[in-house]
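Engineer: sequence and predicted structure, then a few things I'm wondering about:
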Amino acid sequence: MTHIAIDIGASSGRLVLGDLNGDKLSIQEIHRFSNSFTLSDGQAQWNVDKLLMEILKGLEKVKKLGYENITIGIDTWAVDYVLIDQHGERIQEAFCYRDQRTENAMVKMAEHISMQAIYEKTGIQLQSFNTLFQLSVEKPALLEKAKYILLIPDYLAYRLTGMAVLERTNASTMQLFNVTEGVFDDELLTLIGVKAEQFAPFIDPGQVIGELQYEQFKAFDLPRCTVIAVASHDTASAIAGTPSITENWAYLSSGTWSLLGVEKMAPIITPTAYRENYTNEWGVFGTYRFLINIMGMWILQEVLRNSNENYELEQVLQEAAEVEPYLQFINFNEFRFLKPSNMIIEIQRYCEETMQIVPQTIGELAACVFSNLSIIYAMAIEQLQYMTRASIDTLYIVGGGSKNHLLNQMTANMSKRTVFAGPAEATAIGNILLQLMAVNKVQSLQEGRQLVFHSFPVQVFEPVEVSRTDILARFKQIMEKGQRPA
Ligand code: LFR
């Protein structure tokens, strides 16, 4: 039996084949495709039909390679959803969490319930794009028509199998559950005019969702395919696939977002966690991901896109390495960086407004992004240590961003911690691990992580002395003047 991870991020998707041979896991990318939200009438929406089509194309390639019998697991970003009517049809296109429709949703909801009360119930960070706030601005008539509200990976699994489920690691990001009891919060549901029955039944990672419905996809030459529930939230998969073999570790899942946190067996819901906006997302096997969302590689991706040049990462890193770092201090978690019309202009404007040197070249812009991300990461590690009252010695950076060796070194320096970087494909690997656990080829999360450590290269970055105190103080000065975060 062969296992295929279908891992779809905000900027690309891939089908990855996992092969367990003795005590080594190897992966092979079978199909890769681009993904992005599109603006139609100014609204940011996903093309979920294209995603389904790419999955089917990828599965055809799997069959062509001679694999007749497979399992698949699907993970994507969180919070976004599709409304399905009673005939199983989509009621409207899926909105992207970056769409501006939720810009004032938190302020509006605060007229009925305080943000702190929502946090205390759900343990989930307050982000204007969470499903709770997206549903609060949805047209009531559309919501009423919805038989099911399905998160994106659940929707894709539904299209493939006809089975509607609510996978648990992704479910908590909706901000509709009581974090400890794991049941819907009635007050929140009532506030947004949604009923608990409009969500499909829970499924845990490792359980079978269903078989692919071949009759519906006759035009495609597909293998026999069982769809398994994995950690369908990409961040949950990435953390499951983190090769953490030391004690006292934190993780940084570095993709479009940077998710920095620790794995806990219980949520941490304190005034500090609320103030600093740390979340307690449900992870695999009863774990909690206590983490903070940092704007991450999105900033670089947008800078590169707006530069209208086809830069390779290595070229950008080389140019950035030649520029003096820590020349500008920017809190990239401010709302203005969530979806500016032009990231380069937004960064330059910020620098002008705060009377800092304005970065111009791609090297200067990238150095500015990496400098500030390394500061934000270092500060988050200190906060985590304080809030968890546990020491953190090592940071595991996984995901595409772990290839950024310049930023890895800057992060080691600023945080004064050893950084282990890689694998870049931790999300797909975590997805495959859960499938291996479903078929009893791997027995525990710990065994899976050992397997990842021994199977994939992990690069070590040791900290080098920098004038850290001064840099941090200057960053904090800018933060105090700052605007509200996303
Ligand atoms: C990362 C991620 C984050 C989530 C954000 C929006 O891809 O899933 O965990 O906060 O996207 O869904």
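Structural biologist: Yep, that arrived.
Engineer: and the longest helix seen in the chain, which residues are buried?
Structural biologist: Secondary structure of the chain per DSSP state H: the longest helix is helix 362-388. Using 16 or more other CB atoms under 10 Å as the test for burial, helix 362-388 gives 362-381, 383-384, 387-388. Glycine gets a C-beta too; all of them are placed from N, C-alpha and C.
Engineer: in stretch 291-311, what counts as buried?
Structural biologist: 291-304, 306-307.
Engineer: related to what we said a few turns ago, following element in sequence after the longest helix of the chain, please.
Structural biologist: strand 394-398 (DSSP states H and E).
Engineer: contacts for that following strand?
Structural biologist: 238, 241-244, 246, 248-254, 377, 381, 408, 411-412, 415, 417-424, 426-427 (CB atoms under 8 Å, 6 or more residues apart in numbering).
Engineer: buried ones from the residues you listed, can you make that a PyMOL selection?
Structural biologist: A single PyMOL command is used to select the members of those judged buried by 16+ other CB under 10 Å:
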select buried, resi 238+241+242+243+244+249+250+251+252+253+254+377+381+408+411+412+415+417+418+419+420+421+422+423+424+426+427
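Engineer: residues contacting the residue lying closest to Gln383 once chain neighbours are set aside?
Structural biologist: Nearest-residue entry for Gln383: Glu276, 5.7 Å, with adjacent residues in sequence omitted and distances by CB to CB, 6 or more residues apart in numbering. The contact partners of Glu276, taken as CB under 8 Å, 6+ apart, are Ile292, Gln383, Met387.
Engineer: got the angle for the longest helix of the chain vs strand 394-398?
Structural biologist: 130 degrees (axes from the mean of the first three to the mean of the last three CA atoms, to 10 degrees).
Engineer: what is the neighbour count of Glu425?
Structural biologist: For Glu425, the count of nearby residues is 24 (other CB atoms under 10 Å).
Engineer: low-confidence ranges, the stretch 101-250 of the chain, go.
Structural biologist: By pLDDT under 70, the stretch 101-250 of the chain contains no weakly predicted segment.
Engineer: on that earlier part again, could you check how far the residue nearest to Gln383 is from the ligand?
Structural biologist: 16 Å (CB to the nearest ligand atom, to the nearest Å).
Engineer: how close does that residue sit to Ala240?
Structural biologist: 25 Å (CB to CB, to the nearest Å).
Engineer: now swap in Thr272 and tell me
Structural biologist: Counting by CB to CB, the gap from Thr272 to Ala240 is 27 Å.
Engineer: so between those two, which is more surrounded?
Structural biologist: Neighbours were counted for Thr272 and for Ala240 using other CB under 10 Å; Ala240 has more, 30 against 11.
Engineer: ok, that one touching Leu451?
Structural biologist: No. The criterion here is CB atoms under 8 Å, and Ala240 misses it with Leu451 at 11.5 Å.
Engineer: which residues do those two both contact?
Structural biologist: Common neighbours of Ala240 and Leu451 (CB under 8 Å, 6+ apart) are Leu433.
Engineer: phi and psi next, for the nearest residue to Ala380 once chain neighbours are set aside.
Structural biologist: The spatially closest residue to Ala380, leaving aside those adjacent along the chain, is Leu260, at 4.7 Å (CB to CB, 6+ apart). Main-chain dihedrals, Leu260, degrees, to the nearest 10: phi -120, psi 130.
Engineer: list the contacts of Leu260.
Structural biologist: Leu260 sits in contact with Ala250, Tyr251, Leu252, Ser253, Leu291, Ile292, Ile294, Tyr377, Ala380, Ile381, Leu384, where contact means CB under 8 Å, 6+ apart.
Engineer: list the contacts of the residue in the stretch 101-250 of the chain that the ligand sits nearest to.
Structural biologist: Nearest residue of the stretch 101-250 of the chain to the ligand, counting by CB to the nearest ligand atom: Thr235, 3.7 Å away. Contacts were defined as CB under 8 Å, 6+ apart; by that measure Thr235 touches Ala78, Ser253, Trp257, Leu259, Glu281, Arg289, Leu291.
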